[in-house]
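# Pasted the sequence and its predicted model underneath.
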Amino acid sequence: KPMATCKITILVDNQPSPDNSLLKHEHGLAMLVQVGEWRALCDMGASDAFIHNADALACNLSRLNAAILSHGHADHTGGLQAFLSANTSTSVWLSSHIKGLACYSSRRGSLNDISTDNALFERYPERFRWVDDSCWITPSVALIKAATTTFPLPQGNRFLTATKAGESGYDDFSHELSLAITTPQGLVIISACSHKGALNIIQDCIAFTGEHRVKAFVGGLHLVDMPSVEEETRQFSAFLTRFYPQTALFTGHCTCETAKKLLCETHSQANIFHTGMEILL
């Protein structure tokens with residue numbers, strides 16, 4: 001078996017660690033990604049819980065090459081203030097579409113503000129690297145802005161709206177970025193929430209990098225607990241099995257329990273992650 005070229009540590013996720021009671025969990029996601037000597041924090045959860053967990057797991061967040069925010073929702077950016085205070089030098093890469101963006105969810109019945117704290121962009125202007133489009137950030141790591149709509153978008157997006165410059169409407173997720181890592185065995189794709197649809201994101205990662213082999217897909221699928229989720233999950237699993245049968249799937253966070261169970265039953269390469277888990281690829 002080839003030596004792992006990529007290690008992903010789930011610093012915080014919705015699911016608690018089954019074997020480490022010291023770790024905090026929350027509705028949020030933060031991952032430490034290591035590719036050789038390159039280390040990046042991908043998302044920061046909903047609070048400072050990821051910093052507590054990083055310390056408990058002996059993951060040094062003071063020595064990072066990059067930090068990345070996948071999109072402008074508070075369950076991925078809520079720990080940003082804590083990170084900027086704890087780490088005073090690492091640049092944070094994020095979509096330029098997040099600046100001035102207000103995001104809302106109506107899934108729980110009322111309209112909830114789930115925006116990133118925009119005040120931090122003015123308070124720490126030198127810390128942010130704004131990304132307009134897909135780009136390489138190292139010779140083997142790319143940030144991908146998904147544009148393809150070949151496959152259906154997650155049905156849970158219907159609860160999500162956004163306001164910018166006085167214009168309001170359904171969130172088009174132009175502020176969502178994924179990570180495409182080229183390895184000798186193919187792409188490792190990290191997509192925290194996949195609001196643009198995991199299969200569309202895979203297509204765009206292949207198109208941008210030119211690497212057609214997909215070793216693994218890691219992240220939430222935004223398959224949320226709603227009446228249509230079984231059908232939606234079966235359709236996704238069928239497409240994944242048809243087009244990417246060799247691709248290992250690691251999912252959690254915004255993939256609901258019904259979807260997780262179905263994925264494990266219908267896709268031979270499906271795995272479920274949790275707080276504290278290490279994924280070696």
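Structure received. Numbers count the residues shown, from 1 in each chain.

# Mind jotting down where the helices sit in the stretch 1-150 of the chain?
49-56, 74-77, 80-86, 119-123 (DSSP state H, counting those that start in this stretch).

# deepest of those helices, which one?
Greatest average neighbour count among the helices of the stretch 1-150 of the chain goes to helix 74-77 (a mean of 25), per mean count of other C-beta atoms under 10 Å. Yep, even glycine has a C-beta here, placed from its N, CA and C like the rest.

# Counting by contacts, list what it packs against.
Using 3 or more C-beta pairs under 8 Å, 6 or more residues apart in numbering; DSSP states H and E, no helix or strand is in contact with helix 74-77.

# If you average the pLDDT over that helix, what comes out?
Confidence for helix 74-77, expressed as mean pLDDT, is 98.

# if we can go back for a sec, and the helices of the stretch 1-150 of the chain as CSV, adding distance to G252?
As requested, the helices of the stretch 1-150 of the chain are exported to CSV (distance: least, C-beta to C-beta, whole Å):
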stretch, distance to G252
helix 49-56, 14
helix 74-77, 12
helix 80-86, 21
helix 119-123, 26
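
# nearest to Y244, of the ones you listed?
When the helices of the stretch 1-150 of the chain are compared by C-beta to C-beta, helix 74-77 sits nearest Y244, at 24.7 Å.

# Mean pLDDT per helix and strand in the chain: which one sits at the bottom?
strand 167-170 (a mean of 94; mean pLDDT, DSSP states H and E).

# so what does that one touch, helix or strand wise?
strand 160-164.

# Give the partner strands of the strand it packs on in its sheet and their orientations.
Strand pairing for strand 160-164, using DSSP bridges, gives strand 102-105 (antiparallel), strand 167-170 (antiparallel).

# hey, which of these is tucked in deepest?
Sorting those by mean neighbours (by mean count of other C-beta under 10 Å), the first place falls to strand 102-105, with a mean of 18.

# Return that strand as CSV; C-alpha atoms alone will do.
Provided in CSV are the C-alpha atoms of strand 102-105 (Å, rounded to 0.1, in the frame of the first residue of the first chain):
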residue,chain,number,x,y,z
ALA,A,102,-25.1,38.4,5.2
CYS,A,103,-26.3,34.8,5.3
TYR,A,104,-29.6,33.4,6.8
SER,A,105,-31.2,30.1,7.4
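
# possible to save the strands paired with strand 160-164 as TSV with distance to F239?
As requested, the strands paired with strand 160-164 are arranged in TSV below (distance: least, C-beta to C-beta, whole Å):
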stretch	distance to F239
strand 102-105	26
strand 167-170	23
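
# nearest to F250, of the ones you listed?
The nearest among the strands paired with strand 160-164, by C-beta to C-beta, is strand 102-105 at 24.8 Å.

# quick revisit: closest one to V188 among the helices of the stretch 1-150 of the chain?
Short answer: helix 74-77, nearest of the helices of the stretch 1-150 of the chain by C-beta to C-beta, at 19.1 Å.

# any idea how far the closest one is from the chain center?
10 Å (C-alpha atoms, centre = their mean, to the nearest Å).

# Also stretch 151-165?
Chain-centre distance of stretch 151-165: 16 Å, with C-alpha atoms, centre = their mean.

# how long is it end to end?
30 Å (C-alpha to C-alpha, to the nearest Å).

# Now that stretch: average pLDDT?
Averaging pLDDT along stretch 151-165 yields 96.

# circling back to that earlier point, can you tell me what sits against the least confident helix or strand of the chain?
N157, R158, L160, T161, A162 (C-beta atoms under 8 Å, 6 or more residues apart in numbering).

# circling back to that earlier point, right, and the strands paired with strand 160-164 - which one's nearest T255?
Taking the strands paired with strand 160-164 one by one with C-beta to C-beta, strand 102-105 is closest: 16.7 Å.

# CA atoms only: put the least confident helix or strand of the chain into PDB for me.
C-alpha atoms of strand 167-170 as PDB (Å, rounded to 0.1, in the frame of the first residue of the first chain):
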ATOM      1  CA  GLU A 167     -30.000  42.600  -2.800                       C
ATOM      2  CA  SER A 168     -31.600  39.600  -1.200                       C
ATOM      3  CA  GLY A 169     -32.400  36.100  -2.500                       C
ATOM      4  CA  TYR A 170     -31.500  32.400  -2.400                       C
END
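
# what's the next secondary structure element after that strand?
strand 177-183 (DSSP states H and E).

# Can you list the strands that that following strand pairs with?
As assigned by DSSP bridges, strand 177-183 forms pairs with strand 141-145 (antiparallel), strand 186-190 (antiparallel).
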